[in-house]
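Engineer: 3D model of this:
(chains A, B and C)
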Amino acid sequence: MKYRLLALAALFAVTACGSTDPGPAASAAPAKLTVWIMDGSVTQELLKQFETDYEAAHKGVDLDIQIQAWDGIGERVTAALASTDAPDVIEVGNTQVAQYSASGGVRDLTGKIADLRGEDWIPGLAEPGKIDGKQYGVPWYAANRVVVYNKDLWAKAGIEAPPKTRDEWLEVTASLNKGGDQGIYLTGQTWYALAGFIWDEGGDLAVKEGDRWKGALDTPQALAGMEFYRRLQALGKGPKDADEANPPQHEVFAQGRVGQIIAVPGIAARVLEVEPGMKGKMGFFPIPGKSADKPGAVFTGGSDLIIPEASKNHDAAYEVVKALAGEKFQTELAKAMSFVPNRASLAGVLSGDEGTAAMAAGAANGKATPNTPNWAAVEATSIIKQYMTAVLTGNDAAAEARKVSESITTTLNSGS
Amino acid sequence: MPAATRAPAPPLARTPQQARRRARRRTSPWPYLLIAPAVVAGVLLLLYPLIRAGVISVQHFRMGELIRGGATFVGLDNYRELLTGEEFWSVLLRTAVWTAVNVVLIVGLSTGVALMLLRLGRRMRVALMSALALAWATPIIAATTIFQWLFQSELGIVNWLLDIRGYSWFADGGAMFAVLVILVVWQSVPFAALTLYAGLTTIPVELFESARIDGGTSRQIFTKVVFPILRPMFALITSLEVIWVFKCFPQIWVLSQGGPDGATTTLPVYAFKIARVLHRYDLGSAVAVVTVVILAVALVANLRRMLRQES
Amino acid sequence: MRKALLNGAALVTLALTIFPVYWMVVTAFKPTRDIQSDTPSLLPVNPTLDHFATAMSAEGFWSYWRNSLMVTGAAVLLALVVSLLAAFAVARLRWRGRGVFVVAVFAAQMAPWEALLVPMFIIARDSDLLDSLAMLSGVYFMVTLPFTIVTLRGFLDAVPIEVEEAALVDGATRFTAFRRVIFPLLAPGLMATSLFGFITAWNEFSFVNVLIIKDQDKRTLPVWLSTFRDVYGTDWGATMAAATLFALPVLVVFLFLQRRVGAGMAAGAVKG
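Structural biologist: Reported below is the predicted structural model:
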């Protein structure tokens, strides 16, 4: 028995030691830089390529690019910022960057704007990364949603040209929605799409009054946006209680029985992964606006890059940021992933591709979510999604809107 | 060995004779040495973090303070904010209902299953026990993901089987609550049932037989024979389930984030929202402290009984 | 008639209990097209191993496994040793403060672990224990310890003291008596208890998420389980395949232990 106990103790000692042994890299060794990139942002090949090129150009630098899963990322980034040895560069969503910047854990890069050629950064990325006049987040890439349609189904329904106005859009969608086919697969909780409709009506998700934020989903404009969403959503079988990720809408679209989906153009690659037969059968157009002269407003999604204060290699980290945000990589990124590059002057790389052209057309009317550190909390608690489900399943829109607006107000003003 | 004169001790019951016979060597250092590792671990890894949480709860401690340090003392402000807010009390009430519904269902169903196991033929019993084992062993995250998939409105198999395609379980507070109860009960019954079954097998068959010969009905046998013997075990399982269900968090968060419209926001979900979504670690810690106090009060009768029994 | 009713009820229970698990496994074997199909089929019509391939080719898969096994194993073993000592003191010896200790152990189960995340993170950071599997094992050990002590004490109580006394009368030392007589009787209890600890530690996601930061190679399986989701959505097939693989070790351990546990319980009952 004694021996067995000893063996157990030894075993534990071994596992314990084995796990603490590899301490932080000695400072004499080449600088090891850790970069966090979100899952799905960049293909493995492109990252590999970047890593090789960068290490070749910067002798003595060892890049460790880590792909981050989405689950629990908020806490992981918070923990990283609060740690003593943080990753050197972190990609954060443009709706999240404000809260990290406000916390004091992110390096102020205001002095580097000129060096990064930040004069024509696209506002949807630059503004959220900026707090009180200081630039913390460096714009990385953007994407906005377009309508992706199934050319076969459109031909079958005899539709010749993409709709230019909302009314045409409803008409076209209704004519697609018959037999076993869905006019549009729009899940009940695609809240970025709703935001666009609300902006078109002249409303907003929340507004700032003095120094207080106020949820604004209960304004007549916002309710009109929701009403349009309801009418559109009814022209298909999208689940009213799920978002576009569950099940992934590209998997549904790939089955070939769905007329349209609202998504970033990069989704085309995912559709082809599931169903190679869809090649050449996907068309794209900007989300229609209220009138034909202007496309619908869209949410500009995307990412910023930040350098944590707790990084031990600020200068080396900045060089990586510069390379990632620079013209060469931006061009490659935009082409490979169908993203909008971080600078308006680079938008030319998008021409020639139908999907990205549609996106660029829509991007002209791009907007961001309310610029407050607490916005991230509104997203994390899914209250807008739950509001949409409630309305779509028949609850009174005005009453639900009042409730959710109150919730948003509370959340946005809960100081940090 | 007086096996025939007294009921065999179920795992947690002890008779006075046993206790008395154990009384020996009052001043020996051995007991203290034996519990020392557990005490040291508890102090370092539980008590100390708890104290730190307590300290945070009387500070202004948010994301900035976590990252930069420099939290300031604010006295009982966080507790005041918590206890004077309307939401806390409605959350508390909901948590009580949530705990009560689940625990009653879990203990009731697992007692039924345990009694069923006792009477089943060997093959059926092994099959059912294995199934229970499977359900119990399925990781929480995996099980929760499956349930999300089962109850999906358009493609979920539950709606397909019930022929209510398109009905949304997640849109309505009551339905959402029900789905979560089903999930938690499904996950919890196996442990309780298997433990109770193990307890039941310690009751000698003769006791059942003599009770039956005396003309007892099944119900009488349960209330007069089974329950008294297994009372400590029922007490233990019930209080463990109270603790577990009360603290249950990942299932609710993954499926509903406490929604729709707060209908499934129990105390742990509330604490999570405050602490880790709003980054108000100070208020979150206050919730945690209050939670511990509430649980302790809820189980005070049980704790007292334990203390009395032990000494 | 009664028999049929009983078996019928058992079958229904069996079906309800097992269906979600079954559905997980079946979904893992279905091609994506069939998963999204309008009419769900109860059997995988066109079974495929694609999802398992996706799940297993995820980066760091094997190191996640190794870490999970190591962390869980260390936590469970340590918890068993420490609680065996404490449980013995509680069940077999009389001492001042015993009641308080027992109540404290029971109360420790109420620990609001979710809320201790931030303090634990701060403690780990300040003692330079971030990115350390030992720290993680320590936390998991503590999470399982109170329950382990409570249950082991229960199992010890079930071992009749007469057996031990007989051994002592025969001239054995206390330690020998424990090793020769009690320990074998206790084995099933040890196993049952360790299984609980195993499941708890195996499942844990929150702590590994914030305690392992920069050293990604030290993450555990629950982290891997959540990697099949990105901006475009959740890969259900791969998630189900991953969940199946994730549950597998626990099921194996359980099915292996269950026979022993059952046998042990029965034996304990007869001897008691």
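Engineer: can you list the weak-confidence ranges in the chain?
Structural biologist: You didn't say which chain, so I picked chain A. For chain A, applying pLDDT under 70 flags the ranges A:1-30, A:415-416.
Engineer: if you could check chain C rather than the one you did, that'd help
Structural biologist: Counting by pLDDT under 70, chain C shows low-confidence ranges at C:1, C:257-272.
Engineer: Which residue would you name as the spatial centre of it?
Structural biologist: Among the residues of chain C, the one closest to the centroid is residue C:199, at 1.7 Å (Cα atoms, centre = their mean).
Engineer: Without its sequence neighbours, what residue ends up closest to it?
Structural biologist: Once flanking residues are discounted, residue C:199 sits nearest to residue C:250: 5.7 Å by Cβ to Cβ, 6 or more residues apart in numbering or on different chains. Quick note: C-beta positions are derived from backbone N, CA and C, even for glycine.
Engineer: quick one: the one you found and residue C:202 touch, right?
Structural biologist: Yes. Residue C:250 is within contact range of residue C:202, at 6.0 Å (criterion: Cβ atoms under 8 Å).
Engineer: And the strands in chain C?
Structural biologist: Ranges of strands in chain C, per DSSP state E, are C:229-230, C:233-234.
Engineer: Please see if the first one touches chain A.
Structural biologist: Yes. On the criterion Cβ under 8 Å from any Cβ of the partner chain, strand C:229-230 is in touch with chain A at C:229-230.
Engineer: same question, the last one
Structural biologist: Yes. Applying Cβ under 8 Å from any Cβ, one finds strand C:233-234 in contact with chain A at C:233-234.
Engineer: Now residue 37: closest residue in space, sequence neighbours ignored.
Structural biologist: By default, I'm working from chain A. Leaving aside its chain neighbours, residue A:37 sits nearest to residue A:91 (5.2 Å; criterion: Cβ to Cβ, 6+ apart).
Engineer: should've been chain B
Structural biologist: Per Cβ to Cβ, 6+ apart, closest to residue B:37 is residue C:82, 4.5 Å.
Engineer: Was I right to think that neighbour contacts residue B:40?
Structural biologist: No. Contact between residue C:82 and residue B:40 fails when scored by Cβ under 8 Å: they sit 9.2 Å apart.
Engineer: Between the two, which is the more surrounded one?
Structural biologist: Neighbour tally, residue C:82 and residue B:40, criterion other Cβ atoms under 10 Å in any protein chain shown: the higher count belongs to residue C:82, 24 against 11.
Engineer: name the element residue A:142 belongs to?
Structural biologist: Counting by DSSP states H and E, the element that carries residue A:142 is strand A:138-143.
Engineer: what's the overlap in contacts for residue C:250 and residue C:202?
Structural biologist: Listed as contacting both residue C:250 and residue C:202 by Cβ atoms under 8 Å, 6 or more residues apart in numbering or on different chains are residue B:139.
Engineer: More neighbours: these two, which one.
Structural biologist: Ranked by neighbour count (other Cβ under 10 Å), residue C:250 and residue C:202 place residue C:202 first, with 25 against 22.
Engineer: if we can go back for a sec, make CSV out of the strands of chain C and add mean neighbour count and distance to residue C:184.
Structural biologist: Formatted as CSV, the strands of chain C follow (neighbours: other Cβ atoms under 10 Å in any protein chain shown; distance: least, Cβ to Cβ, whole Å):
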stretch, mean neighbour count, distance to residue C:184
strand C:229-230, 20, 48
strand C:233-234, 21, 48
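Engineer: Tabulate the ones you listed (TSV), appending distance to residue B:285.
Structural biologist: Converted to TSV, these look like this (distance: least, Cβ to Cβ, whole Å):
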stretch	distance to residue B:285
strand C:229-230	30
strand C:233-234	33
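Engineer: and the residue of the stretch 201-350 of chain A found nearest chain C, how many neighbours?
Structural biologist: Residue nearest to chain C within the stretch 201-350 of chain A: residue A:248 (2.6 Å; Cβ to the nearest Cβ). Neighbourhood size, residue A:248 [other Cβ under 10 Å]: 25.
Engineer: Would you list the phi and psi of it?
Structural biologist: For residue A:248, the backbone dihedrals (degrees, to the nearest 10) come out as phi -60, psi 130.
Engineer: got a list of what it touches?
Structural biologist: Neighbouring residues of residue A:248 by Cβ under 8 Å, 6+ apart: A:270, C:232-235.
Engineer: For those residues, could you give me a markdown table that also reports distance to residue B:126?
Structural biologist: Shown next, in a markdown table, are those (distance: Cβ to Cβ, whole Å):
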| residue | distance to residue B:126 |
| --- | --- |
| A:270 | 45 |
| C:232 | 44 |
| C:233 | 40 |
| C:234 | 36 |
| C:235 | 36 |
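Engineer: and which of the residues you listed is nearest chain B?
Structural biologist: residue C:234 (8.4 Å).
Engineer: For residue B:141, see how far away the closest one is.
Structural biologist: Going from residue C:234 to residue B:141 by Cβ to Cβ, to the nearest Å gives 13 Å.
Engineer: Helices along chain C, start to end?
Structural biologist: Secondary structure of chain C, counting by DSSP state H: helices at C:2-29, C:32-35, C:50-56, C:61-92, C:98-108, C:117-126, C:133-158, C:161-169, C:174-177, C:183-203, C:206-211, C:221-225, C:236-271.
Engineer: Buried ones in the fifth one, by neighbour count?
Structural biologist: If you call a residue buried by 16 or more other Cβ atoms under 10 Å in any protein chain shown, then helix C:98-108 has these buried ones: C:98-99, C:101-108.
Engineer: Show me what it is in contact with.
Structural biologist: Against helix C:98-108 from outside (Cβ under 8 Å, 6+ apart): B:31, B:35, B:38-39, B:42, B:46, B:239, B:296, B:303, B:306-307, B:310-311, C:86, C:89-90, C:145-146, C:149-150, C:153.
Engineer: can you do 6 Å?
Structural biologist: With Cβ atoms under 6 Å, 6 or more residues apart in numbering or on different chains as the contact definition, helix C:98-108 has outside contacts at B:303, B:306-307, B:310-311, C:90, C:146, C:149.
Engineer: With the second one instead?
Structural biologist: Helix C:32-35 is touched from outside by A:251, A:274, C:27, C:236-237, with contacts defined as Cβ under 6 Å, 6+ apart.
Engineer: How far off centre is that helix?
Structural biologist: Relative to the centre of its chain, helix C:32-35 is centred 32 Å away, using Cα atoms, centre = their mean, to the nearest Å.
Engineer: And stretch B:271-289, by the same measure?
Structural biologist: Remark: stretch B:271-289 is offset 22 Å from the chain centroid, using Cα atoms, centre = their mean.
Engineer: With stretch A:282-297 instead?
Structural biologist: Centroid separation for stretch A:282-297 versus its chain: 20 Å, with Cα atoms, centre = their mean.
Engineer: Please apply the same query to stretch B:64-79.
Structural biologist: On Cα atoms, centre = their mean, the centre of stretch B:64-79 falls 32 Å from the chain's centre.
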